[in-house]
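Asks: Everything below, folded, please.
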Amino acid sequence: MSETRTTPVRFPPGRYGRRRNGRTMSRPLVAAAAALVVAGGLAVTVKLYQQYGDPAYTASTVTYDIQDTSAAITFQVVKPGGEPALCQVRARARDGAEVGRAEVEVPPGEPGGDSVTLTYTLPTSGARAVVVEVQRCYPVQR
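Replies: Modelled structure (predicted):
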């Protein structure tokens with residue numbers, strides 16, 4: 001059998017000490033804390049986007065030629081005209097292991113020209129590479 005109480009439990013006075021009412025935070029304080037958290041998150045997002053996410057710099061592989069100890073890659077970089085860039089190039093073996101990596105400097109190119117085609121020979125070590133790729137390109141930090 002279950003019992004449902006409609007009145008609050010009353011403890012004998014003085015037996016268990018003074019009961020406190022639960023503390024409640026005021027609504028303006030909660031709203032201000034939430035606004036600070038949102039503003040902080042937005043600031044971190046903007047900073048990380050500026051540092052790592054620049055869609056103006058994209059690279060595509062045109063062709064690559066793999067030898068026993070090196071891999072030549074020709075790739076095209078689309079970037080703002082007249083600006084230098086750095087691109088990360090890597091070679092991987094059949095099992096996915098990285099056998100070569102380099103940062104390639106991309107020259108500024110023609111003023112007003114948005115793309116630069118570049119050929120780079122990447123030295124490899126260990127197993128023979130089966131694929132060569134441009135991981136990402138980004139502006140040169142000054």
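Asks: and the one helix or strand residue 133 maps to, what does it pack onto?
Replies: Using DSSP states H and E, residue 133 maps to strand 129-139. Applying 3 or more Cβ pairs under 8 Å, 6 or more residues apart in numbering; DSSP states H and E, we find strand 129-139 packed against strand 58-66, strand 70-78, strand 85-93, strand 98-106. Yep, even glycine has a C-beta here, placed from its N, CA and C like the rest.
Asks: Only C-alpha atoms, please: export stretch 7-16 in PDB.
Replies: The C-alpha trace of stretch 7-16 is given here as PDB (Å, rounded to 0.1, in the frame of the first residue of the first chain):
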ATOM      1  CA  THR A   7       1.300  18.300   3.800                       C
ATOM      2  CA  PRO A   8       5.000  19.000   4.100                       C
ATOM      3  CA  VAL A   9       7.000  17.000   6.700                       C
ATOM      4  CA  ARG A  10       7.500  18.800   9.900                       C
ATOM      5  CA  PHE A  11      10.500  18.100  12.100                       C
ATOM      6  CA  PRO A  12      10.400  18.700  15.900                       C
ATOM      7  CA  PRO A  13      11.700  22.200  16.600                       C
ATOM      8  CA  GLY A  14      15.300  22.400  17.800                       C
ATOM      9  CA  ARG A  15      16.000  18.700  17.100                       C
ATOM     10  CA  TYR A  16      17.800  18.900  13.700                       C
END
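Asks: Rounded mean pLDDT for it, please.
Replies: The average of the pLDDT scores along stretch 7-16 is 74.
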